[in-house]
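> The amino acid sequence is not available; the structure is as follows:
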């Protein structure tokens, strides 16, 4: 390995006196050397990984060290050897690898001598050589100062947009993948510091970001990742054990890198350069201190990853990448699910060690366009089938061909939709980070478990579900799980348990968040709601309705406002966002035992399963996720209640009855409810009855926007083109029944 202590045995030029170099050359050479040292770590006989970068870096070092032949001589010899391998299209051989590592081990001492000569020439005084830069390939001596800090001042991230735009686009997408992998690996290592797969994956991610950021001259990012990589190299070689404080510092460094990636996001979208400095010197000093056995007083961790996810920007051009799938970039380091405050059964590492498959990065706009075109094809295919019924009967060639077209269209539709599907794992990973930081902040030890991280759903739904989950997790930690003393007094384990799970149920995705806390006190919730004027004094809501009062805007049971909760602006966001996704949220609570929040969502926002109903001459589509049942009522089930209007008595439940023909002003519809059909729907924990004329069929429909004129129309979620070419409105029961 490159940490071989051969600094006293240079490959050539051992007895030569160093010649002075310009002071400006040393900074450049140090930077290039650190990158060369990183490449040497991965150099292996029979493998060409790092061969081209090493050749390029050597050439640059020689160019900057041209005035010091005692340096360029050994470097040129290595350069010639690598040039010969490249000319013959050969990988590294054993001699070249050994030569590279000897040069990497020798160069710091040679540079130290060159620095000394330069200072003698400038100051006419002999000064001791400074500490060399701490590269991954050369470990600082045991007596090195742990208080060493970077000599660089804080600087703005210079993106060089004119020449680097396309490369930045590719680097941006790759960096987002690696940031996910870094956080996943750190959370695993927080619970199991000896996990070699996680540690190696973590090191690879930092190494990749460091190498590319150096190539693109992203100074602050390169300096920070270089120091973290050096720290991780000590852990990889068993000279340092990762502890929670060290992992916290690495997480802080990761957050700083993410903030710089966010600046690249803005630059790629808006064409503007960063205007705010992301400080890294404090982080660099902290990482160096940790590397030498010191400690630092860490501030409260910033919840960048959990509360402000980086928006993915697709590269300007599609770039072939052998380890990134078109659907999602799976963390290669380790599974999520275990942190210092999180413990769950080990997940299978096989995915990261499986057979690599070729894949390609594709602009998400192209995927969306493909899905739209396939949706149009589905509509045209249904229209052709509708038209064919008027001309053909029996098993005619046209009927057979249309049936074959239908099968192909369905397969194409499923394939196109699968391209939009991404695993929910990165979202769960953000929640792990949030739990880790927040539980330590509020002093509640928590065991966090995840299930079903590989469950896939539409990427739009994944993006929209982050904020609701953040608020729900914070609510469970602050309100649900009791303090340690109260848990001990109640005979519970001191550590609370929080479980986040995802699974498919029919054509829906279900996300569950369960805690073993104190549950929801319905009496207290009702009293608080009445005190805040959110429930009329004479109203007597059912227990289920009382529990759902926590979703009302401004409602909170907190006695005082804290940094975590108490303002009543969290759970209403949860309900609003989930309803916008045409989903539902249910609550199951047991006082003293815990609470489970269950979110039901459609797998995609582009196509839904709908129940087609007729009201007069018009047709409407009800999302099947909201439909409980349909029935033909009898007169004894119908009544009018003072203050509540028309209601339906269904098995002892009194449900408000909404007549769609009155809501939309439709003439020619059924007036007497006993002649129509009542569809019972559920939304927001409440059930309602909708009166329609007839149930037509159940079918998948492609959702279409209604345009600006009809945007935000109460009770309407969108439109769909039916097989006969007519348009049917897709109803939104949440807003329809709330009026």
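All right, it came through fine. Model, not experiment: these values are computed from the prediction.
> rest of the way, CA atoms for contacts and neighbours
Fine.
> Show me how this structure divides into domains.
23-123, 161-319, 364-419, 422-602, 607-737 (automatic domain parsing).
> can you redo the ones you listed as JSON lines with mean pLDDT and mean neighbour count?
Listed next are the domains of the chain as JSON lines, based on pLDDT from 0 to 100; neighbours: other CA atoms under 10 Å:
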{"stretch": "domain 23-123", "mean pLDDT": "79", "mean neighbour count": "19"}
{"stretch": "domain 161-319", "mean pLDDT": "79", "mean neighbour count": "20"}
{"stretch": "domain 364-419", "mean pLDDT": "79", "mean neighbour count": "15"}
{"stretch": "domain 422-602", "mean pLDDT": "82", "mean neighbour count": "19"}
{"stretch": "domain 607-737", "mean pLDDT": "84", "mean neighbour count": "17"}
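> now those in a markdown table, with distance to residue 155?
Compiled in a markdown table, the domains of the chain are given as follows (distance: least, CA to CA, whole Å):
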| stretch | distance to residue 155 |
| --- | --- |
| domain 23-123 | 15 |
| domain 161-319 | 6 |
| domain 364-419 | 33 |
| domain 422-602 | 28 |
| domain 607-737 | 45 |
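> Need the residues that contact stretch 220-230.
Residues outside stretch 220-230 that contact it (CA atoms under 8 Å, 6 or more residues apart in numbering) are 34, 134-136, 154-157, 203, 206-207, 209-211, 213-214, 250, 253, 257, 260, 280, 283-284, 287-288.
> Name the helix or strand for residue 40, please.
helix 23-42 (DSSP states H and E).
> Following the chain past that helix, name the next helix or strand.
Toward the C-terminus from helix 23-42 - assigned by DSSP H and E - lies helix 51-64.
> In this structure residue 509 contacts residue 585, no?
No: assessed by CA atoms under 8 Å, residue 509 is found out of contact with residue 585, at 11.7 Å.
> shared neighbours of those two, which are they?
Joint contacts of residue 509 and residue 585 (CA under 8 Å, 6+ apart) are residue 600.
> hang on, the earlier thing: just checking, what packs against the helix holding residue 40?
helix 51-64, helix 94-123, helix 196-215 (3 or more CA pairs under 8 Å, 6 or more residues apart in numbering; DSSP states H and E).
> give me that answer again for 7 Å
If you count contacts as 3 or more CA pairs under 7 Å, 6 or more residues apart in numbering; DSSP states H and E, helix 23-42 packs onto helix 51-64, helix 94-123.
> mind checking which of the ones you listed is nearest residue 413?
helix 51-64 (43.1 Å; CA to CA).
> residues in contact with the closest one?
25, 29, 32, 36, 39, 72, 75, 79, 82, 92 (CA atoms under 7 Å, 6 or more residues apart in numbering).
> ok now do the fifth one, which residues does it touch?
In other words, residue 39. Contacts of residue 39 by CA under 7 Å, 6+ apart are 50, 54.
> Distance of it relative to residue 523?
64 Å (CA to CA, to the nearest Å).
> Assign residue 457 to helix, strand or coil.
strand (DSSP: H, G, I helix; E, B strand; the rest coil).
> Revised request: answer the last question for residue 526.
helix.
> Is it correct that it is in contact with residue 546?
Yes: assessed by CA atoms under 7 Å, residue 526 is found in contact with residue 546 at 6.1 Å.
> re the thing from before, please tabulate the helices and strands packed on helix 23-42 in JSON lines, including the columns distance to residue 396.
What follows is the helices and strands packed on helix 23-42, written out as JSON lines (distance: least, CA to CA, whole Å):
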{"stretch": "helix 51-64", "distance to residue 396": "64"}
{"stretch": "helix 94-123", "distance to residue 396": "71"}
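> Looking at those, which is nearest to residue 177?
helix 51-64 (21.9 Å).
> That closest one to helix 23-42, inter-axis angle?
160 degrees (axes from the mean of the first three to the mean of the last three CA atoms, to 10 degrees).
> tell me the angle helix 51-64 makes with helix 94-123.
Going by the same axes, to 10 degrees, helix 51-64 makes 30 degrees with helix 94-123.
> Distance from helix 51-64 to the middle of the chain?
36 Å (CA atoms, centre = their mean, to the nearest Å).
> could you give the angle of that helix to helix 196-215?
Going by the same axes, to 10 degrees, helix 51-64 makes 40 degrees with helix 196-215.
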